[in-house]
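> Have a look at this prediction, sequence included:
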Amino acid sequence: MAIFRLLILLTIASTSFSLSTIQFSTKTQTFLASDRISGHRKIPNDLYCESWTFTVETNDAGIWALVPARCKGFVKDYMTGDKYFSDLAAVADNSLAYAKKVKLSGDGKDAWIFDVDETLLSNVPFYASHGFGSEIFDEVSSNKWVDMAKAPSIPASLGLYKDLKELGFTIILLTGRTELQRNATERNLQHAGYSNWERLILRKRSDSGKPATIYKSERRKHLEDKGYRIHGNSGDQWSDLTGFAIAKRSFKLPNLMYVIA
């Protein structure tokens, strides 16, 4: 009987100890039960902005207009900090790892597509003067920035670009910029270290008003009709990568400053 009682006591003690190890601390409980605003828990700005970032990069946020005012500083720190460059490098590493496994035919039709803005060239210097996406987009100022042809390269993308060229891929650039910006875009790309691309595809007048997803899908379909095999596609927008005539593998670069549908 004594042994039976001892076993019961040990079981109770063990159960109590196990429960105590998974209970929230008083501080955590207070945090989780804190004031609610419009039915949502009140959370610190950094945590909120990290979650907002997650929804942007997974495309759960869909089409959004402006960076939330409370996240302006967060986006600035990210886009100018080590985390952004580390994320870009990780995407480039994954892209190259895939590219090295592709068997190329050697006929010049094995293609890799790159977007331009926030994929090959960085417009962070422009957005630094325009609230890092927290201000309404100013097309006039943006066009002037493009015409200056001073956007720096994205280092990880430049390295990937050169590696893909050495592997034998045909590089095609597909951008939402217009034909009126061709000369400035070519100058900028060359100044930033990019060269020997096969094609630079820009929007024509007939593409005016087309959603980016449709415009880029149509251009990829045209390339496929010409016999190109699109093995890889790199872009900072989901509209660079989705739609039809998509690449065998697509690689999304981070961008918290704006979204293009």
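Sure thing, it's come through.

> what about Asp60, which SS state?
In three-state terms, and counting by DSSP: H, G, I helix; E, B strand; the rest coil, Asp60 is coil.

> Tell me how far it lies from Trp238.
Distance, Asp60 to Trp238, using C-beta to C-beta, to the nearest Å: 11 Å. Placement of C-beta: from N, CA and C, glycine included.

> where do the helices sit along this protein?
Ranges of helices within the chain are 2-22, 26-32, 45-57, 72-79, 82-99, 124-128, 139-148, 155-167, 182-191, 212-225, 238-241, based on DSSP state H.

> picking up where we left off before, Asp60 and Trp238: which has the busier surroundings?
Using other C-beta atoms under 10 Å, the more surrounded residue of Asp60 and Trp238 is Trp238, with 21 against 9.

> Can you give me the distance of the more buried one to Asn94?
Relative to Asn94, and taking C-beta to C-beta, Trp238 is found at 17 Å.

> Kindly list the longest strand within the chain.
With secondary structure taken from DSSP state E, the chain has its longest strand at strand 170-178.

> partners of that strand in the sheet?
strand 110-114 (parallel), strand 199-203 (parallel) (DSSP bridges).

> quick check: mean pLDDT across the first one?
Pointing back at strand 110-114 there. Strand 110-114 comes out with an average pLDDT of 99.

> Over to stretch 224-240?
98.

> try stretch 139-149
In this model, stretch 139-149 has a mean pLDDT of 97.

> Residues contacting it, please?
Stretch 139-149 is contacted from outside by 123, 126, 130, 151, 177, 181, 184-185, 187-188, 191, using C-beta atoms under 8 Å, 6 or more residues apart in numbering.

> Could you find the lowest-pLDDT member of those residues?
Lowest pLDDT among the contacts of stretch 139-149: His130, 95.

> Which residue, neighbours along the chain excluded, lies closest to it?
Asp138 (6.5 Å; C-beta to C-beta, 6 or more residues apart in numbering).

> Pull the number of nearby residues for the one you found.
13.

> Ok, Ile63 next?
Neighbour count of Ile63, defined by other C-beta under 10 Å: 10.

> Which pLDDT value goes with the closest residue in space to it that isn't next to it in sequence?
Nearest non-adjacent residue to Ile63, counting by C-beta to C-beta, 6+ apart: Ala261, 5.0 Å away. pLDDT, Ala261: 93.

> Can you verify my assumption that Ala261 contacts Ser239?
Yes - here Ala261 reaches Ser239: they are 5.8 Å apart, a contact under C-beta atoms under 8 Å.

> Report the set of residues contacting both of these two.
With C-beta under 8 Å, 6+ apart as the test, Ala261 and Ser239 both reach 211-213.

> Can you pull out the low-pLDDT segments for this structure?
Counting by pLDDT under 70, the chain has low-confidence residues at 1-41.

> quick one: the closest residue to Lys76 other than its chain neighbours from Ile201, how far?
Computed as C-beta to C-beta, 6+ apart, the closest residue to Lys76 that is not its neighbour in sequence is Phe132, at 4.8 Å. Here Phe132 is placed at a distance of 28 Å from Ile201 (C-beta to C-beta).

> of those two, who's got more company?
Taking other C-beta under 10 Å, Phe132 and Ile201 do not tie; Phe132 has more neighbours (23 against 19).

> tell me the contacts of the closest residue to Gly243 other than its chain neighbours?
Sequence neighbours aside, Ser217 is the residue nearest to Gly243 in space, at 3.3 Å (criterion: C-beta to C-beta, 6+ apart). Residues near Ser217 by C-beta under 8 Å, 6+ apart: 243-246.
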